[in-house]
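Q: Generate a structure from the sequence data that follows.
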Amino acid sequence: MIGVGCSQSSPLSGENNKPSLINQTVSGSYIVKVSGGGEPAIRSIFGKYDVVLVRSLGNEQFEMQLGNDPGLDALQKTATKSEGAIKAVQPNFVYHNGARIKATPEKQIKP
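A: Next up, the predicted model:
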C-alpha cells in the first residue's frame, strides 16, 4: 500500500546508499490547501481533471489524486480562478526515511 508521501521503494544512488537528491513526486497526486469548502470545493474546482480521490490530511489540507493530470502550472492557474477557495497547490513529494528530499517551497495562490 502506498500512502501520502510514501513510497514502497526508495531509489538510492551513489555510495553508502544515500537517497537521490531529485524532487520526486507521486504521479497525479497533489496537496491542496483550501480556505473552506473542503472536498466538495476541490471536486468542483478541479472536476474537469477527473478527480479520483480527495482525502483530508487535517488543517484544511487534502491529498487530491487526478485521473487526467494537467501538471502543476495548469492546476495553479485553475486555482487562481477559485475566488480564494484554494490557497495553495503543490506536488505530493515522495518521502524517504522520514525526510523530504530537496523540497521546493509551497506556492501561495493569489486570486
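Q: ok, longest strand in the protein?
A: Counting by DSSP state E, the longest strand found in the chain is strand 25-34.
Q: Name the residues that touch that strand?
A: With contact meaning C-beta atoms under 8 Å, 6 or more residues apart in numbering, strand 25-34 is reached by 2, 4-5, 7, 41-42, 46, 52, 57, 60-67, 69, 72, 75, 79, 85-94, 106. Heads up, the C-betas are built off the backbone N, CA and C, glycines and all.
Q: Drop anything exposed from those.
A: Among those, those classed as buried by neighbour count (16 or more other C-beta atoms under 10 Å) are 4-5, 41-42, 46, 61-66, 75, 79, 85-94.
Q: and the helix or strand where Gln90 lies, what does it pack onto?
A: Assigned by DSSP states H and E, Gln90 belongs to strand 86-93. Packing partners of strand 86-93 (3 or more C-beta pairs under 8 Å, 6 or more residues apart in numbering; DSSP states H and E): strand 25-34, helix 38-46, helix 72-80.
Q: Not counting sequence-adjacent ones, nearest residue to Val89?
A: Closest residue to Val89 apart from its sequence neighbours, by C-beta to C-beta, 6 or more residues apart in numbering: Leu75 at 4.9 Å.
Q: Look up the residues forming beta bridges with the residue nearest to Ala88 when sequence neighbours are not counted.
A: Among residues not flanking Ala88 along the chain, Lys33 sits closest, at 4.3 Å (C-beta to C-beta, 6+ apart). Judged by DSSP bridges, the bridge partners of Lys33 are Gln61, Ala88.
Q: Quick check: Lys33 vs Glu63, distance?
A: According to C-beta to C-beta, to the nearest Å, Lys33 stands 11 Å off from Glu63.
Q: now do Asp50
A: On the measure of C-beta to C-beta, Asp50 and Glu63 end up 15 Å apart.
Q: can you check Ser29 too?
A: The span separating Ser29 from Glu63 equals 6 Å under the rule C-beta to C-beta.
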